[in-house]
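In: Quick one, what's the 3D model for this:
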Amino acid sequence: MEQLNGEFMVKNGFIALLLFVSSASFAQKIEINTENALVEFVFIEKGTKGTFDKVTVSVMLNPNDLSQSIITGEAEVSSFRTDGPDRDKSMKSEHHFDVENFPKITFEGKDVVQEEGNYTVRGTLTIKGVSKEAAFNFSIQENEMIFETLINAADFGVGIKKEKELNGVQVTIRIPLK
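Out: Residues are numbered from 1 along each chain as shown. Presented below is the predicted three-dimensional model:
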């Protein structure tokens, strides 16, 4: 399988991200750079890349007590874009994302764990009204947060191939910090 990269530039979207890094004596607030946030989303089999222009993310990370951390996100499906207008129309139709009935993709984090300097947030990802457990690995590197996961679009009723195994989607979200 070839290595693919896709990009979602978060433009004109409102991203609210607060990162609280706590220590025993103080908390430090870090804000993101919304104009340069980048989300990569690739349908692996076809190499189809796309963008969501309207994304909201909220992060409260307490490294001293990860059980107190909260990570959520939301994307407006109507802002989905690829390099093909006909493909975009098809992907937004009732056969795939069904934007009329399911206008948002959501993630509600439930559990944050840390292993070897990297974090994983487990929670519920909801696409097209189907909720499944999902895990995003994330780290904070060089003034940006990077979230990564692999999902199967067919699990959410958005598959583009009849064979379930051909509906893999690589998701990488890069959120620069100010």
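In: What segments of the protein are strands?
Out: 8-9, 18-22, 27-31, 38-43, 48-49, 51-52, 55-60, 70-76, 80-81, 104-115, 118-127, 130-141, 144-152, 168-176 (DSSP state E).
In: and those as TSV, adding distance to F97 and mean pLDDT?
Out: C-beta here means a position set from N, CA and C on the backbone, and glycine is covered the same way. Putting those into TSV (distance: least, C-beta to C-beta, whole Å; pLDDT from 0 to 100) gives the following:
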stretch	distance to F97	mean pLDDT
strand 8-9	14	30
strand 18-22	29	32
strand 27-31	31	41
strand 38-43	12	80
strand 48-49	13	89
strand 51-52	11	81
strand 55-60	15	80
strand 70-76	10	85
strand 80-81	7	90
strand 104-115	8	93
strand 118-127	8	94
strand 130-141	11	93
strand 144-152	14	92
strand 168-176	12	86
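In: Which one, of these, ends up nearest to V158?
Out: strand 118-127 (6.1 Å; C-beta to C-beta).
In: which of the residues in the closest one are buried?
Out: For strand 118-127, a neighbour-count test (16 or more other C-beta atoms under 10 Å) marks Y119, T120, V121, G123, L125, T126, I127 as buried.
In: Save the strands of the chain as a markdown table, and put in distance to D88 too.
Out: A markdown table is the format used below for these (distance: least, C-beta to C-beta, whole Å):
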| stretch | distance to D88 |
| --- | --- |
| strand 8-9 | 13 |
| strand 18-22 | 32 |
| strand 27-31 | 32 |
| strand 38-43 | 13 |
| strand 48-49 | 10 |
| strand 51-52 | 10 |
| strand 55-60 | 17 |
| strand 70-76 | 14 |
| strand 80-81 | 6 |
| strand 104-115 | 15 |
| strand 118-127 | 17 |
| strand 130-141 | 21 |
| strand 144-152 | 20 |
| strand 168-176 | 16 |
